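# got a predicted structure plus its sequence, pasted below:
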Amino acid sequence: MRRPIFLDRDGVINIEPSRFGKDYVTIPGEFQFIPQVIPALKLLIDNNYDIYVISNQAGVGKGIFSWEQLEEVTKHMLDVLSENGVEIKEVLYCPHRSQDNCNCRKPRTGNLEIVWDRYQRLKKERIFFIGDQERDIQTAKNFSILSVLVLSGKSNFHSLGSFSILPDYIACDLYDAVINIVLK
């Protein structure tokens, strides 16, 4: 049986927009894959993982960019991945602001619950959430799955000192996480 794996988007799949002076990826041209992401995703698929992208995109709720723009960026990402033999099972976004108090905004687990309903026979053993921020780690903990913090996005070793919760694992990037943690 295939297993789900949950990935944040910015800082895990694509270069964190703050690295080029932006708060959000608002157009396809701003979406740049992190090196070795496509081989990492292929390895996951080849090892019976269904890939789910779970991402907060509050820029929509704040009116910085539209849902249609977010869909264009997503289509670009999925098209490039498909051209390279990678199929993402589903992308689930939370477009809300923090103050909207919704169930889908990480660290809440609403989007993970939607996916998990499809895998009811599985136990939550060796199920991973890979992200680049403390809220991703908290999301994994809230859902009782394993967390992997990648250092390819917003967080680094120094920022770990300010975390209120620590990840189960730390990796340089998604490829490192897949090779040295998920597939071990």
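Received the coordinates, thanks. Residues are numbered from 1 along each chain as shown.
# ok, the most centrally placed residue in the chain to Asp136 distance?
When C-alpha atoms, centre = their mean is applied to the chain, the residue found nearest the centroid is Asp8 (1.1 Å). The gap separating Asp8 from Asp136 is 5 Å, by C-beta to C-beta, to the nearest Å. For glycine as for every other residue, the C-beta is placed from the backbone atoms N, C-alpha and C.
# so what sits against both of the two?
106, 129-130 (C-beta atoms under 8 Å, 6 or more residues apart in numbering).
# in strands only, show me those.
Among the shared contacts of Asp8 and Asp136, DSSP state E puts 129-130 in strands.
# and the shared contacts of Asp8 and Asp136 as TSV, adding distance to Ile51?
Below are these laid out as TSV (distance: C-beta to C-beta, whole Å):
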residue	distance to Ile51
Lys106	17
Phe129	12
Ile130	10
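# could you dump the shared contacts of Asp8 and Asp136 to CSV with neighbour count, distance to Ile88 and pLDDT?
Converted to CSV, the shared contacts of Asp8 and Asp136 look like this (neighbours: other C-beta atoms under 10 Å; distance: C-beta to C-beta, whole Å; pLDDT from 0 to 100):
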residue, neighbour count, distance to Ile88, pLDDT
Lys106, 25, 18, 99
Phe129, 29, 15, 99
Ile130, 29, 14, 99
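# quick one: which of the shared contacts of Asp8 and Asp136 is nearest to Asn48?
Among these, Ile130 lies closest to Asn48 (C-beta to C-beta), at 16.7 Å.
# in stretch 170-182, what counts as buried?
Using 16 or more other C-beta atoms under 10 Å as the test for burial, stretch 170-182 gives 170-171, 173-178, 181-182.
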